[in-house]
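Q: just need the structure, nothing else, for what follows:
(one chain, ligands or ions: 1)
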Amino acid sequence: MGFTKFGLSDHVMKGVRAAGYATPTPIQSLAIIPALAGKDIIGSAQTGTGKTAAFVLPLLHRLAASPASHVRGHHPRALVLTPTRELAQQVQIAVAKYGRFLTLRSVSIYGGVSMDNQLKLLKRGADIVVATPGRLLDHMQRGSIDLSHIQILVLDEADRMLDMGFIHDVRRIIAKVPADRQTLLFSATISPEITSLAANVLRNPEMVEAGERHNTVEAIEQHFYSAPREAKIDLLLHALEAEHMQSVLVFSRTKHGADKICRRLDRGGVASVAIHSNRTQAQRDRALEGFKAGKFRVLVATDIAARGIDVIGISHVINYDIPPYAEDYIHRIGRTGRAGASGDAITFVGHDDHQYLKRIEQFVGKHFPVKKYPGFTARDVQVPVKHETHTPPHAARPQQHPERKPPHGKKRTPFSTPRKKSPRRVLESFSSDRGGAGWSNY
Ligand code: AMP
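A: Reported below is the predicted structural model:
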């Protein structure tokens, strides 16, 4: 059955048709009816499942059905909080797309860009505000936004907001929103922290769950290949060619790493671009546009920067660095296989990465054998033999790669273990939406 069963208004339905959607996704089938009825919802849905439309469509329908009072200013009536500016942009684009036949106005509010334009837009009045917590608080402190007319509050990717340390900001914002409101909370994982947040901010919520809570997107094939640090770039170049990959998202743990991967890919003749916290908003937008347009074959990103990236047709996600947290793995691989398309996720597993692999396996509830990449022989490194790795028949003779000279004449054998950096909790010092100053490594 199509979207007609929901009883969405004609104008919203026109927006759905214009978006080209014929059949609701599972989360949409479950969430739209209770959301239209004004119920609070906890939606357990991963990225790529169509969760944005699951809350935007009922939100548009309900706002359009109760026109704004213009008596004392055009105050926002719906607020969507997102963890990152990229996701805020994506949600606002979705609002504009589905709501194009309505007269509702929307504004997105996030850091890293000047306040002026946002101030102008807020002054003009908006029905829907999509915001990241930090910048929204800045506006609240300046008095440039009044949340006392909010009827619908959406917490999108709530787990990520908590991971990023936004809990206090989120609570301060919620305190300024009327208690008599509808609250929709979406989260890829329902952790005890999410349950406790929900207990405080939702009223008698309906739980809607699309698919197994911890399971990764069905359509994605997941591969794990052993790759010592020194061999990763060669393996990446090899895999790009071997599988004729065309639209590839590569994840690096740090921004410096992302730049380095990009430089090496460029040198290897692969057009690539990096997106991370050191890039200005304009640079990130350009990078994303270039990637979408096919100008760059590879987009190298850090976890934070990649949040909210919605590019249909990413054929491969490559975890150049395995994520230290299993939740990040789910979010990363969710960038491929979007909206029912198939996709491949490849993770490079280094000597010191087995603890992280274990975390992923526990989280996903599945054992992933680590294999040797077919047809790839590291030029000057030995592939580690651990965890079901196939032993290469002849270990490669250690040689000094011309590009890997030891710094300052220091001797480093190709087999030496790289200095082990303890993975930091990704968001300790993170305040992405306040201009990027808090982005240290990501
Ligand atoms: P989301 O999980 O909200 O980020 O959505 C993932 C992708 O699915 C987006 O590109 C949407 O445009 C697309 N999408 C959402 N709902 C549908 C639908 N019912 N049919 C086809 N594509 C959809």
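Q: near the ligand, which residues of the stretch 1-150 of the chain?
A: 21, 23-25, 28, 47-53 (C-beta under 6 Å from any ligand atom). Heads up, the C-betas are built off the backbone N, CA and C, glycines and all.
Q: among those, which two are most distant?
A: Using C-beta to C-beta, those span at most 19.2 Å, a distance reached by T23 and T47.
Q: neighbour count for these two, which is higher?
A: Per other C-beta atoms under 10 Å, whichever of T23 and T47 has more neighbours is T47, with 24 against 11.
Q: next, the contact list for that one, please.
A: 157, 188, 331, 334-335, 338 (C-beta atoms under 8 Å, 6 or more residues apart in numbering).
Q: now do H238
A: Here H238 is in contact with 373, 375-376 (C-beta under 8 Å, 6+ apart).
Q: if we can go back for a sec, now, among the contacts of T47, which is nearest to the ligand?
A: Checking the contacts of T47 against the ligand by C-beta to the nearest ligand atom gives R338 as the nearest, at 4.8 Å.
Q: tell me the confidence at the closest one?
A: R338 carries a pLDDT value of 58.
Q: same question for E218.
A: Looking at E218, the pLDDT reads 60.
Q: pull out the buried positions in stretch 198-206.
A: Neighbour counts over stretch 198-206 (16 or more other C-beta atoms under 10 Å) mark 198, 201-202, 205-206 as buried.
Q: helices and strands of this structure: which one has the lowest mean pLDDT?
A: In the chain, the helix or strand scored least confidently by mean pLDDT, DSSP states H and E is helix 303-306, which has a mean of 74.
Q: so what touches the very next helix or strand once past it?
A: Downstream of helix 303-306, the next assigned helix or strand under DSSP states H and E is strand 316-319. The contact list for strand 316-319 (C-beta under 8 Å, 6+ apart) reads 236, 239, 243, 245, 247-251, 329, 332-333, 335-336, 343-348.
Q: hmm, try it at 7 Å
A: 236, 245, 248-251, 332-333, 335-336, 343-348 (C-beta atoms under 7 Å, 6 or more residues apart in numbering).
Q: the helix or strand that that strand is followed by close to the ligand?
A: Counting by DSSP H and E, the next helix or strand C-terminal to strand 316-319 is helix 326-333. No: judged by C-beta under 6 Å from any ligand atom, helix 326-333 makes no contact with the ligand; its nearest approach is 11.5 Å.
Q: chain center to whatever helix or strand comes next after helix 326-333: distance?
A: Downstream of helix 326-333, the next assigned helix or strand under DSSP H and E is strand 343-349. Remark: strand 343-349 is offset 17 Å from the chain centroid, using C-alpha atoms, centre = their mean, to the nearest Å.
Q: could you check the angle helix 326-333 makes with strand 343-349?
A: Strand 343-349 runs at 140 degrees relative to helix 326-333, counting by axes from the mean of the first three to the mean of the last three C-alpha atoms, to 10 degrees.
Q: state the mean pLDDT of strand 343-349.
A: pLDDT averaged over strand 343-349 gives 91.
Q: next SSE after it?
A: Next along from strand 343-349, by DSSP H and E: helix 354-364.
Q: give the buried residues for that following helix.
A: Of the residues in helix 354-364, those buried (16+ other C-beta under 10 Å) are 356-357, 359-360, 363-364.
Q: could you say what helices and strands it packs with?
A: helix 326-333 (3 or more C-beta pairs under 7 Å, 6 or more residues apart in numbering; DSSP states H and E).
Q: and the angle from the helix it packs on to helix 354-364?
A: 80 degrees.
Q: can you list contacts of helix 326-333?
A: 46-47, 159, 188-189, 216-217, 220, 222, 251, 303, 306, 317, 319, 323, 345, 359-360, 363.
Q: and the buried residues of helix 354-364 as a markdown table, adding distance to R142 and pLDDT?
A: A markdown table is the format used below for the buried residues of helix 354-364 (distance: C-beta to C-beta, whole Å; pLDDT from 0 to 100):
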| residue | distance to R142 | pLDDT |
| --- | --- | --- |
| Y356 | 42 | 93 |
| L357 | 47 | 94 |
| R359 | 42 | 88 |
| I360 | 43 | 87 |
| F363 | 41 | 76 |
| V364 | 44 | 75 |
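Q: closest to K176 out of the residues you listed?
A: F363 (35.2 Å).
Q: ok, the residue lying closest to G7 once chain neighbours are set aside to E327 distance?
A: Using C-beta to C-beta, 6 or more residues apart in numbering and skipping residues adjacent in sequence, the residue nearest G7 is L36, 6.9 Å away. Distance, L36 to E327, by C-beta to C-beta, to the nearest Å: 30 Å.
Q: returning to what we had before: can you name every helix or strand that the least confident helix or strand of the chain contacts?
A: Packed next to helix 303-306, using 3+ C-beta pairs under 7 Å, 6+ apart, are strand 248-251, helix 326-333.
Q: helix or strand next in line after the shortest one, which one?
A: This points to strand 248-251. helix 255-267.
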